[in-house]
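> Let me see the structure of the following:
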Amino acid sequence: MTDLKIALVHDWIPVMGGAERVLEAIYDIYPGPIHTLVLEKQVLEGSRLRHATIHTSFVQKLPFSARKYRSYLPFFPLAIEQFDLSEYDIVISSSYAVAKGVLTHANQLHICYCHSPIRYAWDLYHQYLRESGLKKGIIGFVAKFIIHYIRMWDISSTNRVDFFIANSNYIAKRIAKIYNRKATVIYPPVDVDNFTLHTAKEDFYLTASRLVPYKKVDLVVEAFSQMPDKKLIVIGEGPDWEKIVKKAGPNVLMMGYQPFEVLRDHMQRAKAFVFAAEEDFGITPVEAQACGTPVLAYGKGGALETVIDGQTGLFFEKQTSQSLIACVNRFEAQQESFEPCLIRRHAEQFGRAVFASKFKQYVQDRYEQTR
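Sure, this is the predicted structure:
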């Protein structure tokens, strides 16, 4: 397939988050040009994408696009359709919003690695309106109309994808429900090699995340504030910082943003990593396990596929402080049974080399299937 022309498409690159790390891994396999709505060039420093040829859309030229790109949501479908990819043999889209909607012709193969159908247009629609204060009023009506339009476009654009890859079985079910399409599961790549096994654990718990509502860091802090004999360290920053600080007891240390080396050090030494979000996949629990650190996770979403209950961690059933407290108490009663080496071996199946092998084989098989 070395003589084939391959183009990559991604929604936007304002930060180097989990989806962008997947794009980076795909680029390592197929170093073709990348097409994205908006790019913040500074975030590419230290990334392998800094050497890539990246084409942006007209949204890039709009005022404050790097920081306020979501304000231009109504233009996203039009913008993604303006990329001319007609010269390429294969188009690979990395999509959690509109990237899968690029236009391709009958002789092209379009494979979409779907991180999720657009969450604020589907299963998080009412939560999004409620948290944004858009349930009522004229502005709320306009927002509902725009999201309705996005939802209709989202459905119609699924026909432009030949094959879907999902980042978890959880997302594959959502793709089947919303798009009525089958998806093959290939777990996203985790840099497990950057997280070394550390068997000596210390007497503190760790949670690390961007401080936004759905991550439920406030729930974790609230729970540990009710357990003053147990120390919690929180790494991360975000718009919920002030709200979470107010809930933090003396046993909770809020460290804010920390460089990777500091985060890794704490992951290695923590007695357990706490993860309260319902994620599509969830990379940080795998990173913690790569350090040999057990994970206490909310038992829904991608965590069910990355954590083995009773072996590499424990689940709590509800997103409530009482449910988490009960989980912590169960963990402390059996923490000696968790074997760091076993936990590390489990994490290795999510490594970058595994992803690259499976992804490359999948693309090759689908190309040969359609010739």
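> C-alpha only now, for contacts and for neighbours.
Fine.
> could you point out which element follows the helix ranked longest in the chain?
Ranked by residue count and defined by DSSP state H, the top helix of the chain is helix 137-157. Using DSSP states H and E, the helix or strand that directly follows helix 137-157 along the chain is strand 163-166.
> Run through who's touching that next one.
110-116, 172, 175, 181-187 (Cα atoms under 8 Å, 6 or more residues apart in numbering).
> Can I have the buried ones of the residues you listed as a ChimeraX selection?
Buried members of the contacts of strand 163-166, defined by 16 or more other Cα atoms under 10 Å, are picked up in ChimeraX with:
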select :110,111,112,113,114,115,116,172,175,181,182,183,185,186,187
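> Among the contacts of strand 163-166, which lie within strands?
110, 111, 112, 113, 114, 183, 184, 185 (DSSP state E).
> Verify the contact between the third one and residue 92 for me.
Yes - because the distance of 5.7 Å satisfies Cα atoms under 8 Å, residue 112 is recorded as touching residue 92.
> returning to that earlier point: just send the ones in strands among the contacts of strand 163-166 back as JSON lines, with distance to residue 362 and pLDDT too.
Formatted as JSON lines, the ones in strands among the contacts of strand 163-166 follow (distance: Cα to Cα, whole Å; pLDDT from 0 to 100):
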{"residue": "110", "distance to residue 362": "12", "pLDDT": "98"}
{"residue": "111", "distance to residue 362": "10", "pLDDT": "98"}
{"residue": "112", "distance to residue 362": "12", "pLDDT": "98"}
{"residue": "113", "distance to residue 362": "11", "pLDDT": "98"}
{"residue": "114", "distance to residue 362": "14", "pLDDT": "97"}
{"residue": "183", "distance to residue 362": "12", "pLDDT": "98"}
{"residue": "184", "distance to residue 362": "9", "pLDDT": "98"}
{"residue": "185", "distance to residue 362": "10", "pLDDT": "97"}
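> As CSV, these with distance to residue 41 would be great.
Below are those laid out as CSV (distance: Cα to Cα, whole Å):
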residue, distance to residue 41
110, 27
111, 26
112, 24
113, 23
114, 24
183, 32
184, 32
185, 31
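> Looking at these, which one is closest to residue 21?
For those, the residue nearest residue 21 by Cα to Cα is residue 113; the value is 12.6 Å.
> The closest one is in contact with residue 94, isn't it?
Yes - Residue 113 lies in contact with residue 94 (Cα under 8 Å); the separation is 4.9 Å.
> just the strands in the protein please.
Going by DSSP E, the chain shows strands at 6-10, 34-36, 54-56, 90-95, 109-114, 163-166, 183-185, 205-208, 232-235, 252-256, 272-275, 295-298, 313-316.
> quick one: the second one to chain centroid distance?
Once both centres are worked out by Cα atoms, centre = their mean, to the nearest Å, strand 34-36 turns out to sit 19 Å from its chain's centre.
> can you check the fourth one too?
In terms of Cα atoms, centre = their mean, the gap separating the centre of strand 90-95 from the centre of its chain is 17 Å.
> got the angle for it vs strand 6-10?
Relative orientation of strand 90-95 versus strand 6-10 (axes from the mean of the first three to the mean of the last three Cα atoms, to 10 degrees): 10 degrees.
> same for strand 90-95, what does it pack against?
Counting by 3 or more Cα pairs under 8 Å, 6 or more residues apart in numbering; DSSP states H and E, the packing neighbours recorded for strand 90-95 are strand 6-10, helix 18-29, strand 109-114.
> I'd like the ones you listed as CSV, with distance to residue 356 appended.
Listed next are the helices and strands packed on strand 90-95 as CSV, based on distance: least, Cα to Cα, whole Å:
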stretch, distance to residue 356
strand 6-10, 15
helix 18-29, 7
strand 109-114, 13
